[in-house]
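Q: show me the folded form of this:
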Amino acid sequence: MTESDLPVVDFHPYRWGDPAHPAELSDAVHEALAAFGVQAPAREPVEPADARLPEIVLTDGARAALEVAVGAQYVRYDGEARVGHTRGWSTPDLLRLRSGDASDAPDAVALPGSHEEVVALLAACAEHHVAVVPYSGGTSVVGGLAPARDGFHGVLALDMGRLDAVVAVDEISRTATFQAGMRGVTAEKALRERNLTLGHFPQSYEGASIGGYAAARSAGQSSAGYGRFDEMVVGLTLATPRGTVELGTAPKSAAGPDLRQLVLGSEGALGVITSVTVRVRPAPAVRVFETWRFETFEAGAEALRRLVQDGPVPTVLRLSDEAETSINLADPSALNGGGPGGCLAVTGYEGAAAEVESRRAGATAVLRAAGGVPEGTEGGEAWRTGRFRAPYYRDPLLEAGVLIETLETVTFWSNLHALRAAVTQALTTALTDQGTPPLVLCHISHVYETGASLYFTVACAQAEDPVGQWRTAKTAANDAIRASGAAITHHHGVGTDHRDSYRQEIGPLAVETLRAAKQALDPTGILNPGVLIAPEHPEAGA
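A: Purely as a prediction, here's the structure:
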């Protein structure tokens, strides 16, 4: 199986992934949860069709302007469309919708078919003071799709799904231009027809889009070899209420600050990305994935550091801590646990046969010297073929009464272990104090010469108010991350969940700089208000 073999999935409003292949918990997992004190919630989840939607407040003038911009047939006001564009895919998002709360639903959903129609929609929304949420895959887990509503005359979800074409492929320069609504799976399939690959495979791969990758500064699971998505982007087109911005006329330039980097990661607050030009590479002829075991997380992290700093660097390089290794989270099909101890590392190599063999041999020598014990390719292949299945298990776990959520951060190598300890302690204390002691798992998900990303999975029994329960824990984790001097996010984005911590991280002068850019591009403040940057005057929705 290759990534391009996967289907494009239209997600159910509160269930992850392909509905034809739901995940089920084994009897052993149910027994373990019972022993952990987990009980299924007494209340059945509300079906999306029964969710409580806010009243539509769009004026007749706003409705008419939206329909003129894209055609009446491409503006939807029905409950199914509104619920289907409500919030994202964080655990609190799901829990609120399952309780029947769709208060963040947009008033309407518009589906433009061209860049020009996006510009026209934004101009109409600016004129009628309607907030705009750019929406494609909808896989945000940090509140990136729930803008501030106060002071606006409605909220529009701008669905990019019709903008899904391959614009151009330059096989000489090895670049490809995609419209922003194209799903990652579709883009990869189109490239494989030319024996090319983007090499970008985040956990949200089945549902996320090219524009979403750019807007959220995404990092895929093969980032050690292919790089982050922002490193792949060589050009983009941005629609704003004031017109169009075209960026990237050459691979690199010394002509002032690189404004591409201002737009990448802007999460729809500065404009709507309508197309992206990316660097592509030859599709790999050979792929080898294998696992290694280390006695401790510290020993495994040291091995990863040696590889990424001195080479050779695998395409995929990750390390699970002792707790995550013990329950086999690296292989979601084997969640029963009870495996051997230590810490599991996954290494993957892709490319031409000679290149793969050379890098694999060199990395093997480094990993052995660092104390690693090779376990062959069986576990590596299980991870490769099952790596997009992990999020599927959240739904049955929530139904069983488990509060399960993830968060991530990134820091320098010298601070890695102190950061892991601080975040683990913060989460443990915050949830134990609420009477729900957690299981906190961690793995290194992305590596760089100077540092690495830590990805945490947290599980405990749901309290009476699970949304408030997680809010308390997440606040504690955010505080620990900032106190440790680490970044508040590595690849999940800022949204509203990290906004205040992001402000602390970059400082007031940098926030003022971002506000100035937003004022220039979006003077009426309609673009994803409250996401990334707090409204300067919340009462006005600005």
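
Q: for Tyr273, what is the enclosing helix or strand?
A: For residue 273 the amino acid is Ile, not Tyr. Per DSSP states H and E: Ile273 is located in strand 272-279.

Q: again with Leu156
A: strand 155-159.

Q: same thing with Leu403?
A: Using DSSP H and E, Leu403 sits in strand 402-412.

Q: rewinding a little: so what strands line up beside the strand holding Leu156?
A: Here strand 155-159 is paired, per DSSP bridges, with strand 108-110 (parallel), strand 131-135 (parallel).

Q: pipe those strands into TSV and attach mean pLDDT, distance to Pro535 and mean neighbour count per row.
A: Yep, even glycine has a C-beta here, placed from its N, CA and C like the rest. Output for the strands paired with strand 155-159, formatted as TSV (pLDDT from 0 to 100; distance: least, C-beta to C-beta, whole Å; neighbours: other C-beta atoms under 10 Å):
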stretch	mean pLDDT	distance to Pro535	mean neighbour count
strand 108-110	98	22	24
strand 131-135	97	11	27
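
Q: Ala285 is nearest to which of the ones you listed?
A: Ala285 sits nearest to strand 131-135 of all the strands paired with strand 155-159, at 37.4 Å, using C-beta to C-beta.

Q: what does that closest one contact?
A: 85, 106, 109, 121-122, 125, 145, 147-149, 152, 154-160, 211, 215, 268, 272-273, 526-529, 541 (C-beta atoms under 8 Å, 6 or more residues apart in numbering).

Q: change it to 7 Å
A: Contact with strand 131-135 is made by 85, 106, 122, 125, 145, 147, 149, 152, 155-160, 215, 268, 272, 526-529, as judged by C-beta atoms under 7 Å, 6 or more residues apart in numbering.

Q: between that strand and strand 272-279, how big is the angle?
A: For strand 131-135 against strand 272-279, the angle by axes from the mean of the first three to the mean of the last three C-alpha atoms, to 10 degrees is 30 degrees.

Q: then strand 131-135 to PDB, C-alphas only?
A: Taking C-alpha atoms only, strand 131-135 is exported to PDB below (Å, rounded to 0.1, in the frame of the first residue of the first chain):
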ATOM      1  CA  ALA A 131     -16.900  37.200   9.400                       C
ATOM      2  CA  VAL A 132     -15.300  34.600   7.100                       C
ATOM      3  CA  VAL A 133     -13.900  31.200   8.100                       C
ATOM      4  CA  PRO A 134     -11.700  29.600   5.300                       C
ATOM      5  CA  TYR A 135     -12.600  25.900   5.300                       C
END
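
Q: isn't Gly212 right up against Val141?
A: No: in this structure, Gly212 is not within contact of Val141 by C-beta atoms under 7 Å, at 11.8 Å.

Q: contacts for stretch 113-123, please.
A: Applying C-beta under 7 Å, 6+ apart, the contact partners of stretch 113-123 are 66, 69-70, 110, 112, 132, 158, 162, 237, 239-241, 243-244, 272, 274.

Q: drop anything exposed from these.
A: Neighbour-count burial (16 or more other C-beta atoms under 10 Å) is assigned, among the contacts of stretch 113-123, to 66, 69-70, 110, 112, 132, 158, 237, 239-241, 272, 274.

Q: sort out which one of these lies nearest Glu399 for me.
A: Nearest member of the buried ones among the contacts of stretch 113-123 to Glu399, counting by C-beta to C-beta, is Leu158, at 32.3 Å.

Q: distance of the closest residue to Gly138 other than its chain neighbours relative to Tyr14?
A: Sequence neighbours aside, Gly88 is the residue nearest to Gly138 in space, at 5.9 Å (criterion: C-beta to C-beta, 6 or more residues apart in numbering). From Gly88 across to Tyr14, the span is 11 Å (C-beta to C-beta, to the nearest Å).

Q: picking up where we left off before, the strand holding Leu403 packs against which elements?
A: When contacts are defined as 3 or more C-beta pairs under 7 Å, 6 or more residues apart in numbering; DSSP states H and E, strand 402-412 packs onto helix 91-98, helix 394-400, helix 416-432, strand 451-461, helix 466-483.
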